[in-house]
Structures are given as C-alpha cells and as structure tokens.
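>>> Need a 3D model of the following:
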Amino acid sequence: MKTAIIHEWLVNYAGSERCVESFTNIWPESPVFTLVDYLNEEERKIILKGRKANTSFIQKLPFSKTQHRKYLPLFPLAIEQFDLSEFDIVLSSSHAVAKGALTNSYQLHICYCYTPMRYAWDLYHSYLKEAGLQSGISGLAARMILYKLRTWDIISSNRVDHFIAISNHISKRIKKTYNRDSIVIYPPVDVHLFECKSEKDDFYLTASRLVPYKRIDIIVDAFSAMPDRKLVVIGDGPEMKKIKFKAGKNIEILGYQDFASLKSYMQRAKAFIFAAEEDFGIIVVESMACGTPVIAFNKGGASETVNNSNLGILFNEQTPESIKDAVIKFESIQDKFNPAVINAHSIQFGRNIFEEKIAKFINEKSNEFFLNKR
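Here you go, the predicted model:
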C-alpha cells in the first residue's frame, strides 16, 4: 500500500526528526511532505535517506530558513495544500499542524502525536508572556490568531483515524484537548550509542537547552545552596546569562558540548538532574543507558521512564528545596543503584523496539481498515 509521511518542518536533527528517521527506515520508498526542508546533507542522509522532502509554499517565502515559525498563521493553509489523494495510508508526525493534512474516506490517517499544539492550549498564557504579547495591538492580534488556531486544531483532529501518543502524559493531553483516545508508543532512543559505565565521579550533571521551561535555574539555585556538591551544566541558550549569574563556585557551566563529550559526562556523573515537565525526555533515557541514576521531576515523561526506585529519585515540586531534598535522599541510598540494572531498563526504549511497535500497529489498523472498505 502506498504510504505518505507528513511532518511539520525539517530544519535540524532533534527529537521528532528521530521519529521521522524511523518512519523512513520502515517505509524507505514513502515520500515525505513538510512545510519547509532545510536539512544539511548529513541530516538529509539520516532522516530522509538522502532524498528531498516535498515542501509547501512557505519554503519560498522570505527568511523561511530561520524564521519559519513566524509564518504560524499560514501553517494550516499550507498543510492543507498537499495533495495526498494517491496514497492509501497517511502517517502524520505532528506537534502542531501535520495532523491537519486533508484525506478522504478511502484513506487511513494515523497520527504519531508529540503533543497537541502547546502554544495554543496549555502553554497559551506562558507563550504570550514570554513573547511580550500580553497587551497592545500586537497582543490582541496574537490572541486572535491563537483563537483561530485552536478552532482549526479541534476541527482537524477529526481527520485522524488513530492517534499514537509519545507518552501517557501526552495521551491524557490528547484526551483532554481532542476528546480522542490514543495508544502509547514511546519514541525511539538510540540507546546502543551509550555504553554503561559502573565507575562514577563525584559530580552531578544536568544538560539541556537553556530555555525557561527546562528549569535549569532551579537546579542551579539548589546546588548553589549546597556548596559542598559539584554540578556540571551542559547546554546553551537564551538563559545562559541568567544561569551564570546564579551559579555558585561549585557549579561548572560548560555550554554546548559535542556528542562524545556529553556522553562522557553522562557516563561519569553520579546522577543526572532533570527538572522539566517534558512530553517524554530522551536525555533521561540516554543517561540511564549510561548506567547513571536520575533525579527527576515527578511529572511528564520522566515519571514514566524513571518508574521505579531502582532507577533514581523523583521529586514532586519544581523548587530548589525539593531538588535539595531529593539529592540528600539519593545520597543516603546511592549504593543501592546498580548501573547494569539501570542500563538494562533503558533497552526497552531502543529504536528497534519503536520500529517494531509502529510497524505492527499500522499493519494491524490498515488490515482492519481496508478489509472493512471492501
């Protein structure tokens, strides 16, 4: 059966693009449709197997390479312009508008959903605040655009035959937003690239883009109040200046590190600290693949992957005090954590497992769908 893959945009190799990589592993001949495609040649080889994607009119608009998100009001129109009528199965890879692709009653549409459109729903007020759009003409225009996007988002959710959520956390959000049920298939993590190391050094690690919702600030605040414990921070972003200002002498801020360096720190850290409410949290699983226990916020994807006391410690509030208490608790029992056990737990999130589950689900649903159409 002819299958089309549709994804929001392809500009780098990040979390959702890892999923597209797996989709093209399973269906290497299937064309990929996307709003814009600005992958470099190395990324193109990995994600698209060297091919170019079919792009929308946004690709030809000024500054779309670096400013494509500013064309947000045009995204629904652009995604609906793709003519997918020749395909039997449409697989949308969606965190915003990809699920809104137009299909007919003879086509099966399955959506692998990373989240409903967060800036239109649960992060609506945070988005307006961070963008400085709480008042004035620009603020009013932004609110009207997001209102219309919410309406379109609900309507377009009905174009999907089956939703697959990346976590139980997102499955609940899909139910709340669209009143649709979904199954959960966790996204692929390349755990085979991370070797388990039993010997740990005397430092804690956190690594992330330095943006507000990652809450690196409260991790730094917690360790600044514990000067006898060392914290290493890896990552760059708009909050770098703020993080450096908060950091005590016991905190080493390294900025961006390449893969080899990041992996080395993850392997040697006594624990990985994670304070964000993430939809899944790939780096948490990568740390566990290194045999490193995790101290994480007990909400979102991390609460599902760090799901027993042999893997780490979960804290219940996004505050420095809650992190400090978790670190103290961890140190009181740290000898019980077995790196080999933690590494073994991570294997269930491997890319091969993901691809087997996705292929099985879509094969089953397509057989049901097309038998009923005869």
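>>> CA only for contacts and neighbour counts going forward, please
Fine.
>>> contacts for stretch 211-226?
If you take C-alpha atoms under 8 Å, 6 or more residues apart in numbering as the criterion, stretch 211-226 is touched by 206, 208, 210, 229-231, 237-239, 242-243, 246-251, 273, 275-277, 318-321, 323-324.
>>> Now that stretch: average pLDDT?
In this model, stretch 211-226 has a mean pLDDT of 95.
>>> what about that stretch, how long is it end to end?
Distance between the two ends of stretch 211-226: 23 Å, counting by C-alpha to C-alpha, to the nearest Å.
>>> going forward, begin numbering at 21 instead of 1
New numbering, starting at 21: the last item is stretch 231-246.
>>> What is the three-state secondary structure of Thr226?
Using DSSP: H, G, I helix; E, B strand; the rest coil, the structure places Thr226 in strand.
>>> How many residues are close by Glu63?
In terms of burial, Glu63 registers 18 neighbours under the definition other C-alpha atoms under 10 Å.
>>> before we move on, what about the one 5 residues further on?
Look at Leu68: counted by other C-alpha under 10 Å, it has 26 neighbours.
>>> Please name the residues that touch Ala295.
With C-alpha under 8 Å, 6+ apart, Ala295 has these contacts: 234-236, 238-239, 316-317, 338.
>>> Looking at those, which are in helices?
Among the contacts of Ala295, the members found in helices (DSSP state H) are 236, 238-239.
>>> ok, of those, which one's closest to Val31?
When the ones in helices among the contacts of Ala295 are compared for distance to Val31 (C-alpha to C-alpha), Ile236 wins out at 25.2 Å.
>>> Show me the residue at the heart of the protein, geometrically.
Closest to where the C-alpha atoms of the chain average out (C-alpha atoms, centre = their mean) is Gly35, at 4.9 Å.
>>> Can you give me every residue that contacts that one?
Ile302.
>>> Ile130 against Val110, yeah?
Yes: judged on C-alpha atoms under 8 Å, Ile130 makes contact with Val110 at a distance of 6.3 Å.
>>> Turn the contacts of Ala295 into JSON lines, including neighbour count and distance to Val326.
As requested, the contacts of Ala295 are exported to JSON lines (neighbours: other C-alpha atoms under 10 Å; distance: C-alpha to C-alpha, whole Å):
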{"residue": "Lys234", "neighbour count": "17", "distance to Val326": "17"}
{"residue": "Arg235", "neighbour count": "19", "distance to Val326": "18"}
{"residue": "Ile236", "neighbour count": "25", "distance to Val326": "19"}
{"residue": "Ile238", "neighbour count": "19", "distance to Val326": "20"}
{"residue": "Ile239", "neighbour count": "26", "distance to Val326": "18"}
{"residue": "Ala316", "neighbour count": "25", "distance to Val326": "8"}
{"residue": "Phe317", "neighbour count": "26", "distance to Val326": "10"}
{"residue": "Gln338", "neighbour count": "18", "distance to Val326": "17"}
